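A.B. asks: Sharing a model that was predicted from the sequence below.
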Amino acid sequence: MANPKRKISKSKRDHRRAHWMGGLNASNLAECPNCGESMMSHHVCPSCGYYKGDKVDGMGNA
């Protein structure tokens, strides 16, 4: 098995992890056309369960 040649410092590790949630910000949020709540773009609305005008059941089917 491959092993790391050198220890990764805590600082280097934490700098790498600092941007993990960077993709989730206010610009990715959109308003649900059905209920008006804010939701993530291209996702089913968590409050009403609609996606592109269709009610989606728990299995992900429209």
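C.D. replies: Everything's here; your move. Numbers count the residues shown, from 1 in each chain.
A.B. asks: can you map out the helices along the protein?
C.D. replies: Per DSSP state H, the chain carries helices over the ranges 10-17.
A.B. asks: Can you list the residue ranges for strands in it?
C.D. replies: Per DSSP state E, the chain carries strands over the ranges 29-31, 38-40, 50-51, 54-55.
A.B. asks: Out of those strands, which one sits most buried?
C.D. replies: Most buried of these by mean neighbour count (mean count of other CB atoms under 10 Å) is strand 50-51; its value is a mean of 17. The way it works is simple: take the backbone N, C-alpha and C, and place the C-beta from them, glycine included.
A.B. asks: quick revisit: output the strands of the chain as TSV; include the columns mean pLDDT.
C.D. replies: Conversion of the strands of the chain to TSV gives the following (pLDDT from 0 to 100):
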stretch	mean pLDDT
strand 29-31	88
strand 38-40	89
strand 50-51	91
strand 54-55	90
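A.B. asks: and Arg16, which of those strands is closest to it?
C.D. replies: strand 38-40 (24.2 Å; CB to CB).
A.B. asks: can you list the strands of the chain in TSV and add distance to Asp14?
C.D. replies: Listed next are these as TSV, based on distance: least, CB to CB, whole Å:
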stretch	distance to Asp14
strand 29-31	27
strand 38-40	26
strand 50-51	36
strand 54-55	42
